[in-house]
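Novice: any chance you can model this:
(chains A and B)
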2 protein chains.
Amino acid sequence: MYERLKGFRDFFPAEMAARRAVVDTVEDVARRYGFREIDTPRLESAEMWADKSGDDIVDELYAFEDRGGRHVTLTPELTPTVARMVVDKGQELSKPIKWVSTRPFWRYEAVQQGRFREFHQTNVDIFGTDEPTADAEVLAFAADSLTELGLTGEDFEFRVSHRDILGNLLESFEPDVDTRAAIRAVDKRAKVDYDEYLDLLAAAGMERADAESFDDLVAGDDLEAVAEAGNEDVNAAVDNLRAVLDAAEDFGVREFCDVSLATARGLDYYTGVVFECFDSTGEVSRSVFGGGRYDDLIESFGGQPTPAVGVAPGHATLHLLCQRAGVYPDEAVTTDYYVLSVGETRPEALRVARDLRERGHVVETDLNDRGFGSQLSYADSINAETVVVVGERDLEDGNVTVKDMASGDETTAPFESFPGDAERPTYDDFA
Amino acid sequence: MYERLKGFRDFFPAEMAARRAVVDTVEDVARRYGFREIDTPRLESAEMWADKSGDDIVDELYAFEDRGGRHVTLTPELTPTVARMVVDKGQELSKPIKWVSTRPFWRYEAVQQGRFREFHQTNVDIFGTDEPTADAEVLAFAADSLTELGLTGEDFEFRVSHRDILGNLLESFEPDVDTRAAIRAVDKRAKVDYDEYLDLLAAAGMERADAESFDDLVAGDDLEAVAEAGNEDVNAAVDNLRAVLDAAEDFGVREFCDVSLATARGLDYYTGVVFECFDSTGEVSRSVFGGGRYDDLIESFGGQPTPAVGVAPGHATLHLLCQRAGVYPDEAVTTDYYVLSVGETRPEALRVARDLRERGHVVETDLNDRGFGSQLSYADSINAETVVVVGERDLEDGNVTVKDMASGDETTAPFESFPGDAERPTYDDFA
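Specialist: Take a look at the predicted model:
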């Protein structure tokens, strides 16, 4: 009768269990690096994006006027919000500020594989340091998250670039180039054909011969050649990129990083190192996620100059990558115990259930006043590991029955002392 | 420069750590009862509320037209969404269906203490059983959550009522009463003065004398007297309420439940037992949260008849209650280790940090190329428990320094074998 909106998803328990396992893994890696959880409004003033982001995002906003006449939007990404928070409270916080949060974002775009209108990301950001070590820590967090999920260097690669290489290299060729437009052209490089790409560069003010020479450099990974062709700023950026890669070596994640200058990232606010994660096999054809340095954003929001770097693994594309690599977690619920009540034994069954829950276990009991077979079948449907049968006749003898669901084996155990001292009593403890 | 919207909140790390601890506690109790996590769209068709909920909610919707011309709304509550999901897939799922999820909702209402326009709830629902045991399990989940948070029977009470008692008792007095309007009047009973309340009942079709007699019964907790005054349906409802309280006894949570027939719950879709949690001291004057049975909603959404019961602790009011009772968790971040690098020791420091992180600890390192004192001061600011100093001179002797931040005591440990077999090495292990 009512339909879910297109591009929005319901997550039922089995698929949610797998998604939760992935989110937990990524968040746990962030936690161990000392990223601190924050939470942020899902709705913000739309002008935050109108002023600061590229048109691509503004055209996809879920923006509207609220009952108070404010022009608001469902947030399409986190960065402007955390920038606002750093402006508000950044002076009170010790640096570096290291934040993590997992939550949905919204963009009204064409729905396709791995792309939804409501999508979930784990955002990780560091504010208050422009040291290459910080860029490398963000890469290390991302790489460790993927390897913790079971992915290897055969599965993924980080294509690492630098905004100041691209921008200044463009200016080395053509001082009057429209840098933003040209970088957006580079961002589209892999998505359009070569001539169309050169046309985009031409529209940004590049002579065709320069555009071709520029592209030869951008297509390769020869930082020496780039430094030679570029001005002083290009050289400084090449040095910075090399320093980040050296730091990545110290973090143990250099092996996952490839220099790929054509990786530009679509958002306007990036300033330094940028990178995108790709499926090494190419089977997942889109970028899995990306990140980079955005040193000017906080100041442009009215704050003290505050360098920043971040990354945001998106869980829909990460799902695709893990699935392709065969490491996506099982989509199934698990249950430690089902306490099966036969006859008028609810008080006794619930006493057993309560004691098992106090030990931290997942325990279900009969909520439908069902018979033995029907309860056992339900216990099977929730993948119960052990069934404890609390029956009237057993109770007369002071016993319950403990059944191992995998083998079907069962034995009796004393009711009064069950589960007693056992932290996780199973069939084996009483057989 | 940019401002957060009114009624929306930023959660910085210290306050988020406390909020996370509360959410984790509540979700862990739900998990142990076998509630399975789901996730749901934040945006739905606005008609789901226009058709099914009371006007109060519809007047507060963040509703708008999306770019595809759909009349959509930020979801103000979860129930219609889970009803839609049960209609979509309920036939494939084994019953009872037991779901939990924590997420924000939105209502454009007056901002006040414990009430925000974006607010977070943990929704727990059981579908597919009308047994009193299920109602009691929802009460038990809620009570166990509160006691796990450190609250006691001195701190909170569940005021339990039954929609069919109210509705049918009203009809026992006046067959032509507008039941919905009269129940809404009862819901407002504590918020308006007695005459205004009687006027609302009069507007719903009750004679003044009947309204007064009705209120005498509603104000008390004498289920015998209610059964005597009411028709057959009232008697059936009284029996049902008693059965739920008996089941609550078996779950060990009867002590938290008070019969309170005037507790009506504002939402129209409730059908059976309803309850609200209150601060026993009255210091938190609003209902902390509420829940109840809504057996007709799934069918009214076009699904098979599917009884349902649920509760939704709201984290803003729960925060107020925990704070009032002195059990709200500390608002502070914690850190297991800070690995302090002195001189050109980044590779060695990051090796130590990596090994500590592999053991699951929260570990930070220098991201700002700072000196000793500045790093130590940062370690203090993040409440680091242990600082491991990796210095050039120490390393020449093959050592690191292990410093306990609480006492200031420090000692050396061998670098190569650090942390070695120790799961959580501290000063005491090497002193």
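
Novice: residue closest to the middle of chain A?
Specialist: Chain A has residue A:313 as the residue nearest its centroid, 3.2 Å off, counting by Cα atoms, centre = their mean.

Novice: let me see the contact set for the residue nearest to that residue when sequence neighbours are not counted.
Specialist: Excluding its sequence neighbours, the residue lying closest to residue A:313 (Cβ to Cβ, 6 or more residues apart in numbering or on different chains) is residue A:289, at 4.6 Å. Placement of C-beta: from N, CA and C, glycine included. Residues counted as contacts of residue A:289 (Cβ atoms under 8 Å, 6 or more residues apart in numbering or on different chains) are A:121, A:142, A:276-277, A:311-314, A:317-318.

Novice: could you export the host helix or strand of residue A:159 as CSV, CA atoms only?
Specialist: Assessed by DSSP states H and E, residue A:159 sits inside strand A:156-162. The C-alpha trace of strand A:156-162 is given here as CSV (Å, rounded to 0.1, in the frame of the first residue of the first chain):
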residue,chain,number,x,y,z
PHE,A,156,42.4,-2.7,-3.7
GLU,A,157,44.7,0.2,-4.4
PHE,A,158,44.8,3.8,-3.3
ARG,A,159,45.4,6.1,-6.2
VAL,A,160,47.2,9.1,-4.7
SER,A,161,47.5,12.5,-6.2
HIS,A,162,48.0,16.1,-5.2
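
Novice: mean confidence for it?
Specialist: Per-residue pLDDT over strand A:156-162 has a mean of 96.

Novice: confirm residue A:353 sits in a strand?
Specialist: No - assigned with DSSP: H, G, I helix; E, B strand; the rest coil, residue A:353 falls outside any strand and is helix.

Novice: I'd say it and residue A:362 touch.
Specialist: No - between residue A:353 and residue A:362 there is no contact under Cβ atoms under 8 Å: 10.6 Å.

Novice: and the stretch 151-300 of chain A, which of its residues are near chain B?
Specialist: Remark: the part of the stretch 151-300 of chain A in contact with chain B comprises A:247, A:249-252, using Cβ under 8 Å from any Cβ of the partner chain.

Novice: need the contact list for residue A:412.
Specialist: Shown in contact with residue A:412 (Cβ under 8 Å, 6+ apart): A:394, A:397, A:399-402, A:430.

Novice: now do residue A:39
Specialist: By Cβ under 8 Å, 6+ apart, the residues touching residue A:39 are A:101, A:103, B:9-11, B:16, B:19.

Novice: try residue A:5
Specialist: Counting by Cβ under 8 Å, 6+ apart, residue A:5 has contacts A:117, B:41, B:43-45, B:66, B:70, B:72.

Novice: that one in helix, strand or coil?
Specialist: Applying three-state DSSP: residue A:5 is coil.

Novice: return the list of helices and strands in contact with the strand or helix carrying residue A:140.
Specialist: In the assignment (DSSP H and E), residue A:140 maps to helix A:132-148. With contacts defined as 3 or more Cβ pairs under 8 Å, 6 or more residues apart in numbering or on different chains; DSSP states H and E, the packing partners of helix A:132-148 are helix A:13-32, strand A:118-127, strand A:156-162, helix A:232-251, strand A:273-279, strand A:289-293, strand A:308-311.

Novice: list the buried residues of the first one.
Specialist: Of the residues in helix A:13-32, those buried by neighbour count under the rule 16 or more other Cβ atoms under 10 Å in any protein chain shown are A:13, A:15-19, A:22-23, A:25-27, A:29-32.

Novice: follow-up on the earlier one: in strands, which of the contacts of residue A:5 fall?
Specialist: Applying DSSP state E to these, the entries found in strands are B:43-45, B:72.

Novice: I'd like those residues as JSON lines, with neighbour count appended.
Specialist: JSON lines is the format used below for the ones in strands among the contacts of residue A:5 (neighbours: other Cβ atoms under 10 Å in any protein chain shown):
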{"residue": "B:43", "neighbour count": "24"}
{"residue": "B:44", "neighbour count": "23"}
{"residue": "B:45", "neighbour count": "20"}
{"residue": "B:72", "neighbour count": "23"}
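
Novice: within reach of chain A, which of those residues are there?
Specialist: Filtered for proximity to chain A (Cβ under 8 Å from any Cβ), these shrink to B:43-45, B:72.

Novice: could I get those as TSV with pLDDT?
Specialist: Output for these, formatted as TSV (pLDDT from 0 to 100):
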residue	pLDDT
B:43	98
B:44	97
B:45	96
B:72	97
